[in-house]
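S.K.: the following block contains a protein sequence and its predicted model.
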Amino acid sequence: MPPSPTVPPTRYGLKGDVVTMDGDLVLKKGVVYIDAGTGRIASVQPAETPRPAGFDKAPVIGTRGTIYPGLIELHNHLCYNLLTLWQVPRQWEHRDQWPNHPDYLKLVRGPAQTLGNDHGQTYLLPIVRYVECKCLMGGVTTSQGITLRGTNTELEFRGNLRNVENSGRPDLPNADARIGDLKPGEADDFLTHLNRKNRCVLLHLSEGRQANEYALNRFDRLQLSSGDGWAITSALAGIHCAALREAELDILKSNGGSMVWSPLSNLLLYGTTADVATAKAKGIVIGLGSDWSPSGSKNLLGELKVAQLFSQANGGLFTDRELVEMATTNAARILKWEQGLGQVKDGMYADLLLIRKTTGDPYARLIDATEADVGLVVIDGVPRYGRKSLMQRLVSDLEPWKVGTQHQAFHLEKVSLDATTVLDIKLKDAADLLRDGLNRLAELSTASGGGGGAEGLAPAGAVGGQLASDWPWRLDIDDDVDNAFLVSAAAAMPFKEVAVPLELDPLTVVDDPSFLSRVRNQGEHVPEYLRKGLARLYR
């Protein structure tokens, strides 16, 4: 459970429009009463209704905004999210191809490996802080974790953000996440795993162009050895599913599986994305994930915009409400968390997002919002980020920040995974350290020889917390890619031979005009409606 502050108030109310995601209930001028002691919503009711028991003296904060469930991200490789959006050189057919391109070593794998593994004592914990804040600034209250490797075990680092693999609550079952494809002959054991776990299993599945034979073969590996049945149950959520045809979607649906959609990353890498129109028609539950910053959105708020553009360009596949459901109620259903999260409702955990807008359709209001409109992000009843004027009325120990012209603030607490890992660093310090590391990649990689840590290169007082030297992180994509494709000289060469200084990816699109330029300048394989249309949604 994310730690709660020791400062008052233990109980408080947030007043504003409330989009409950409980049916079509939208309260104009409602109040969400929060018990931070339990981390739950005590009551959701019209403002004129008498206060619930125990809240007679609780402060009720007028927000001048709209309150939603916190956004639940079902797919993100957080450890890469200090890196900027890649100018994708060409269209690929499946996911085991692009890690072979020389740009990938220079711009993605090499920098992440150098800072996270070779120099973990200096840079790993600042990366955790930075990418966690990046999520919060886009209204995300739940995402995936960063895996740390010990001598004989792996652990998911959990900070102030709720983690799908380590939820912190016994009634929110921890999800399993698997990046690598099933190997031939593994389906029977995988089905046993699905049946044994009363929780969600997130599996990268058939990532590539629609009907690509290589990517479809990865789906075929889910067929049981008897040929009669599939290693698919209601526990399985297929990430991407971009190559699946109607026949495979029929199998996914009939066996209770769901889908996690990452449209921006798919469109940039493959020029196409999952057949969500057919998936919707068949009643497959669809969640949303921004994937990672090298080819995806900075946060889920941005990915909602891409999903809307795709929907509009393909005949209006989804209403705005259906898109918001992907990041709230649908995501909670996929995780088997629907009894605790995904709605603003009495008894639910108080994971909330406040947008400083009150006009127009309440669902479009969220999709139209930018990071500058985020007024408050609450997790387990604790305000973690938002407009400084609101945060000051609720919590102390704030770190101020600015998004565009808006004065924001974080309330980030020191968190500890175990005795060896403590995260205690301000965002500003984390950003400064990461800029330093990205600017010195060639020096760091040369000193380490591409393998071990280097002494004497860390800035004085650089370590943001404590980290035992035998706890580097697991670079999930690079550990699970099919190495049979990594055959070129470029892929095999040491990173130190191609390392160049890189920019730290800015935390928000609002403060990063280069992001929209990079989208606009992607190759012709990327649809024009995306290349030219996304910038209009940030005006």
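M.R.: Arrived safely.

S.K.: now the element after the longest helix anywhere in the chain, going C-ward?
M.R.: The longest helix of the chain (DSSP state H) is helix 120-136. Sequence order places strand 140-143 as the next helix or strand after helix 120-136, per DSSP states H and E.

S.K.: report the strands that pair with that following strand, each with its relative direction.
M.R.: With DSSP bridges as the test, strand 140-143 is paired with strand 71-72 (parallel), strand 162-163 (parallel).

S.K.: which residues touch stretch 242-256?
M.R.: Applying CB atoms under 8 Å, 6 or more residues apart in numbering, the contact partners of stretch 242-256 are 94, 205-212, 215-216, 219, 230, 232-234, 236, 238, 241, 258-259, 266, 270, 272-275, 278-279, 282-284. Just so you know, the C-beta spots here come from the backbone N, C-alpha and C atoms, and that holds for glycine as well.

S.K.: looking at the strands paired with strand 140-143, which is buried most?
M.R.: Highest mean neighbour count of the strands paired with strand 140-143: strand 71-72, a mean of 28 (counted as mean count of other CB atoms under 10 Å).

S.K.: where does pLDDT dip in the stretch 151-300 of the chain?
M.R.: Counting by pLDDT under 70, the ranges of the stretch 151-300 of the chain that qualify are 151-152.

S.K.: and with 80 instead?
M.R.: Low-confidence segments of the stretch 151-300 of the chain (pLDDT under 80): 151-158, 197-198.

S.K.: try the chain
M.R.: If you take pLDDT under 80 as the line, the chain has these spans: 1-9, 117-121, 145, 147-158, 197-198, 415-422, 447-492.

S.K.: show me where the stretch 1-150 of the chain has strands.
M.R.: 11-19, 26-35, 40-46, 60-69, 71-72, 140-143, 146-149 (DSSP state E, counting those that start in this stretch).

S.K.: TSV for the ones you listed, including distance to Ala350?
M.R.: Output for these, formatted as TSV (distance: least, CB to CB, whole Å):
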stretch	distance to Ala350
strand 11-19	9
strand 26-35	5
strand 40-46	5
strand 60-69	10
strand 71-72	14
strand 140-143	10
strand 146-149	25
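
S.K.: Asp512: which of these is closest?
M.R.: strand 140-143 (17.2 Å; CB to CB).

S.K.: and Pro46, which of the strands paired with strand 140-143 is closest to it?
M.R.: Of the strands paired with strand 140-143, nearest to Pro46 by CB to CB is strand 71-72, at 25.1 Å.

S.K.: which residues touch stretch 355-373?
M.R.: So stretch 355-373 is contacted by 16-17, 19, 26, 63-66, 68, 137-139, 299, 301, 304-305, 308, 319-321, 323-324, 353, 374-375, 387, 403-406, 507-510, 537-538 (CB under 8 Å, 6+ apart).

S.K.: which among these count as buried?
M.R.: The neighbour count (16 or more other CB atoms under 10 Å) marks 16-17, 19, 26, 63, 65-66, 68, 137-139, 299, 301, 304-305, 308, 320-321, 323-324, 353, 374-375, 387, 403, 406, 507-510, 537-538 as buried among the contacts of stretch 355-373.

S.K.: name the SS class of Leu438, please.
M.R.: Under DSSP: H, G, I helix; E, B strand; the rest coil, Leu438 falls in the helix class.

S.K.: what is the neighbour count of it?
M.R.: A total of 22 residues lie near Leu438 under the criterion other CB atoms under 10 Å.

S.K.: contacting residues for it?
M.R.: 82, 111, 115, 501-504.

S.K.: at 10 Å instead, please
M.R.: Listed by CB atoms under 10 Å, 6 or more residues apart in numbering, the contact partners of Leu438 are 82-84, 111, 114-115, 123, 444, 500-505.

S.K.: could you flag which of those residues are buried?
M.R.: 82-84, 111, 114-115, 123, 444, 502, 504-505.

S.K.: mind listing which of those residues are in helices?
M.R.: Judged by DSSP H, helices contain the following of the buried ones among the contacts of Leu438: 111, 123, 444.

S.K.: quick check, nearest of those residues to Pro184?
M.R.: Comparing those against Pro184 with CB to CB picks out Pro111 as the nearest, at 33.4 Å.

S.K.: report how many residues lie close to the nearest residue to Tyr130 once chain neighbours are set aside.
M.R.: Distances taken as CB to CB, 6 or more residues apart in numbering place Ala430 nearest to Tyr130, at 4.8 Å, with adjacent residues excluded. For Ala430, the count of nearby residues is 24 (other CB under 10 Å).

S.K.: distance check, Ala430 against Pro126.
M.R.: According to CB to CB, to the nearest Å, Ala430 and Pro126 sit 4 Å apart.

S.K.: kindly report the same for Thr20.
M.R.: With distances taken as CB to CB, Thr20 is found 37 Å from Pro126.

S.K.: which of those two has more neighbours?
M.R.: The neighbour count for Thr20 versus Pro126, taken as other CB under 10 Å, is higher for Pro126 (27 against 20).

S.K.: would you confirm that that one contacts Asp429?
M.R.: Yes. Judged on CB atoms under 10 Å, Pro126 makes contact with Asp429 at a distance of 7.2 Å.

S.K.: and Gly287, that one's in a strand?
M.R.: Yes. Assessed with three-state DSSP, Gly287 lies in a strand.

S.K.: contact partners for it?
M.R.: When contacts are counted by CB under 10 Å, 6+ apart, Gly287 touches 72-75, 200, 202, 237, 239, 258-262, 325-335.

S.K.: the protein - how does it break down into domains?
M.R.: 11-70+342-396, 72-84+141-338 (automatic domain parsing).

S.K.: kindly reformat the ones you listed as CSV containing distance to Glu132.
M.R.: Shown next, in CSV, are the domains of the chain (distance: least, CB to CB, whole Å):
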stretch, distance to Glu132
domain 11-70+342-396, 9
domain 72-84+141-338, 5
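
S.K.: quick one: the strands in the stretch 301-450 of the chain, in order.
M.R.: Ranges of strands within the stretch 301-450 of the chain are 352-355, 374-379, 382-387, 399-403, 406-410, 415-418, 421-423, based on DSSP E, counting those that start in this stretch.
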